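Q: coordinates only, no sequence provided:
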């Protein structure tokens, strides 16, 4: 009664969930979102002896069943996730590792983002914006809220991988048309400025070839290797 929010919550639960007048069973456990799982093998036929009481009765679908409880709900196994975890931890005590491992995870899943109660959604990939900072009204994600799904390091969607490119100069005196590279600077030039730079490059005075001192074979070889003439 207390878990369902009193007498009114109990009536709402029976009306929405269809468990009228009552459905009795053994409490088997709950998941990280607060969904509660029950079982009654005596009073209900096969396929109906296991059920879930969602934390949000008015906004629930099958994808909100936790992955660790999915197999139990579909009768793939009879052990609840707690019993499975205890069994795995007990067996790991007897495992001898041949090599030293610095892996922080003792399973093959790897990194997992921590769960948080967001409309009872276990599939964290659904908690993402439908556009840049516009949120997702389908799942109730407000604008500006961060996405919940995990991204690999180096991904453009991973904020930790974003690098700031400092500006190295600006074409205007007030700091306008700032550029990060020489190629960027050339793209910001106006056609008149591009033409002026070309004319300046053509008017550069080259050394007089006739008056220049001829190079010796040694100097020619050094110049071919990138050396300087002495």
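A: Sure, I can see it. It should be emphasised that the depicted structure is a prediction, and the values quoted were computed from it without experimental measurement.
Q: what's the closest non-adjacent residue to residue 54?
A: Closest residue to residue 54 apart from its sequence neighbours, by Cβ to Cβ, 6 or more residues apart in numbering: residue 60 at 4.0 Å. C-beta coordinates here come from the backbone N, C-alpha and C atoms, glycine included.
Q: confirm residue 164 sits in a helix?
A: No - Residue 164: not assigned to a helix; according to DSSP: H, G, I helix; E, B strand; the rest coil it is coil.
Q: how close does it sit to residue 151?
A: Counting by Cβ to Cβ, to the nearest Å, the gap from residue 164 to residue 151 is 19 Å.
Q: swap in residue 191?
A: Counting by Cβ to Cβ, the gap from residue 191 to residue 151 is 42 Å.
Q: what about the helices in the chain?
A: 6-17, 67-73, 81-92, 182-188, 191-202, 217-224 (DSSP state H).
Q: between these, which one is nearest to residue 146?
A: Comparing the helices of the chain by their distance to residue 146 (Cβ to Cβ), the top pick is helix 67-73, with 22.5 Å.
Q: any chance you could list what contacts that closest one?
A: 28-29, 31, 35, 37, 50, 52, 65, 77-81, 84, 122 (Cβ atoms under 8 Å, 6 or more residues apart in numbering).
Q: and the two most separated of the residues you listed?
A: Greatest spatial distance in the contacts of helix 67-73: 78 and 122, 21.7 Å, computed using Cβ to Cβ.
Q: and those two? Which one has more around it.
A: Taking other Cβ atoms under 10 Å, residue 78 and residue 122 do not tie; residue 122 has more neighbours (19 against 11).
Q: picking up where we left off before, out of the helices of the chain, deepest packed?
A: Most buried of the helices of the chain, by mean neighbour count (mean count of other Cβ atoms under 10 Å): helix 67-73, with a mean of 16.
Q: from the chain's centroid, how far away is stretch 178-190?
A: Distance, stretch centre to chain centre, for stretch 178-190: 33 Å (Cα atoms, centre = their mean, to the nearest Å).
Q: mean confidence (pLDDT) on it, please.
A: For stretch 178-190, mean pLDDT rounds to 89.
Q: ok, now stretch 138-154?
A: For stretch 138-154, mean pLDDT rounds to 76.
Q: going forward, begin numbering at 53 instead of 1
A: In the new numbering, first residue 53, that becomes stretch 190-206.
Q: going by neighbour count, list what's buried in it.
A: By 16 or more other Cβ atoms under 10 Å, the buried positions in stretch 190-206 come out as 191, 193, 199-200.
Q: one more: stretch 109-119?
A: Neighbour-count burial for stretch 109-119 flags 109, 112, 116-118 (criterion: 16+ other Cβ under 10 Å).
Q: tell me which of the residues you listed has the lowest pLDDT.
A: Lowest in pLDDT among the buried residues of stretch 109-119 is residue 109, which has 73.
Q: against residue 224, how distant is that residue?
A: When distance is defined by Cβ to Cβ, residue 109 is 61 Å away from residue 224.
Q: okay, and which of the contacts of helix 119-125 map to strands?
A: Among those, the residues falling in strands (DSSP state E) are 80-81, 89, 102, 104.
Q: tell me the most packed of those residues, by neighbour count.
A: Neighbour counts for the ones in strands among the contacts of helix 119-125 peak at residue 89, which has 22 neighbours (criterion: other Cβ under 10 Å).
Q: low-confidence stretches in the protein?
A: Applying pLDDT under 70 to the chain flags residues 53-58, 61-62, 64-74, 155-172, 174-175, 256-264, 278-282.
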